[in-house]
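Chemist: give me coordinates for this.
(one chain, ligands or ions: 1)
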Amino acid sequence: MRFAKGHGTENDFVILPDPDGALELTASAVAALCDRRAGLGADGVLRVVRTKALDERLDGAAASSLGCEWFMDYRNADGSVAEMCGNGVRVFARYLLHAGLLADGVFEVGTRAGARRVTVEDDGDVTVDMGPVRVLGPGGALLADGAVRGERISVGNPHLACRVERPVAEVDLDRAPVLDPEEFPAGANVEVFREVEPGVLEMRVYERGAAETRSCGTGIVAAAAAATAPGADAEWTVRVPGGVCTVLLAAGAARLRGPAVIVAEGELLLPV
Ligand SMILES: N[C@@H](CCC[C@H](N)C(=O)O)C(=O)O
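Modeler: Numbers count the residues shown, from 1 in each chain. Now for the predicted structure:
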């Protein structure tokens, strides 16, 4: 089977073109593909499937995806399914153009969190309208080097965004954060962030289903929302280990902009 590899600020993905929905992608096949020694290595898999060929019910928030030609079936590196991936959807959009599956640079991509409008910019960036950002109240986690408090935020998927007072490079993210299942029944991605100058955040993330990654688009949006006064609009530049993205928050919704690159294409020999 053909594959491609891409990344957005070094949040990297194996891309599996499956237009007709012929692939039965198991959790163990995803984990084998994402293994950085025995597989291709990635933070997640993007299955590129026509929405009409999807063998999955799209209801609730996902229902708005029914009108999209292409659906991003996102899987974390451990094989678990996620609702949304902000860097993934930008790389997915770049792939659709690269592969000639769409010709115009402005379109909507279906996700489990709903349809997301993307714009492929002339400078190599991809901008995505991330939909509503919901701040749900305070929450906490136990990290390897101590407890952190932050805001529980939904960007279609669950986050705990925690402001810290020290450089984020000093925070120990080697172990999975311990979360309260009552606060996070479906788990969460945990961000630590610090405002380094007005309008600029630095951030690191421990992703649900993937461990620490070098960037997380939904996490970048969650950190920006946690850094913004309730109800206010704002623009943030967010520095992550893998690069820089910008976030515009307006009227309770977010727009994320940053680079998205396809780095390789080839033939998979691993069974999927
Ligand atoms: N890297 C992604 C988020 C991927 C899904 C996440 N790990 C989850 O389980 O919710 C991003 O760029 O948003």
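
Chemist: element containing the nearest residue to residue 248 once chain neighbours are set aside?
Modeler: Once flanking residues are discounted, residue 248 sits nearest to residue 255: 4.4 Å by CB to CB, 6 or more residues apart in numbering. C-beta: built from backbone N, CA, C; applies to glycine. Using DSSP states H and E, residue 255 sits in strand 253-259.

Chemist: what packs against that strand?
Modeler: helix 86-98, strand 125-132, helix 217-227, strand 243-250 (3 or more CB pairs under 8 Å, 6 or more residues apart in numbering; DSSP states H and E).

Chemist: which other helices and strands contact the second one?
Modeler: Secondary-structure packing of strand 125-132 (3+ CB pairs under 8 Å, 6+ apart): helix 86-98, strand 116-120, helix 217-227, strand 253-259.

Chemist: what comes up buried for it?
Modeler: Neighbour counts using 16 or more other CB atoms under 10 Å place 125, 126, 127, 128, 129, 130, 131 of strand 125-132 among the buried residues.

Chemist: kindly report the same for the third one.
Modeler: Of the residues in helix 217-227, those scored as buried under the neighbour-count criterion (16+ other CB under 10 Å) are 217, 218, 219, 220, 221, 222, 223, 224, 225, 226, 227.

Chemist: does any part of the following helix or strand past it sit near the ligand?
Modeler: Moving toward the C-terminus from helix 217-227, the next helix or strand (DSSP H and E) is strand 234-240. No - judged by CB under 6 Å from any ligand atom, strand 234-240 and the ligand are separated, with a smallest distance of 9.9 Å.

Chemist: repeat that for stretch 8-22.
Modeler: Yes - contact of stretch 8-22 with the ligand is found when judged by CB under 6 Å from any ligand atom, involving residue 11.

Chemist: and that stretch, how far out from the chain's middle?
Modeler: Stretch 8-22 sits 13 Å away from the centroid of its parent chain (CA atoms, centre = their mean, to the nearest Å).

Chemist: endpoints of that stretch, how far apart?
Modeler: Stretch 8-22 has its terminal residues 27 Å apart, counting by CA to CA, to the nearest Å.

Chemist: let me see the mean pLDDT of it.
Modeler: The pLDDT scores in stretch 8-22 average 98.

Chemist: now it: buried residues?
Modeler: Of the residues in stretch 8-22, those with enough neighbours to count as buried (16+ other CB under 10 Å) are 8, 9, 10, 11, 12, 13, 14, 15, 16, 17, 18, 21.

Chemist: quick one: which of the helices and strands packed on strand 125-132 is nearest residue 57?
Modeler: Among these, the nearest to residue 57 by CB to CB is strand 116-120 (19.0 Å).
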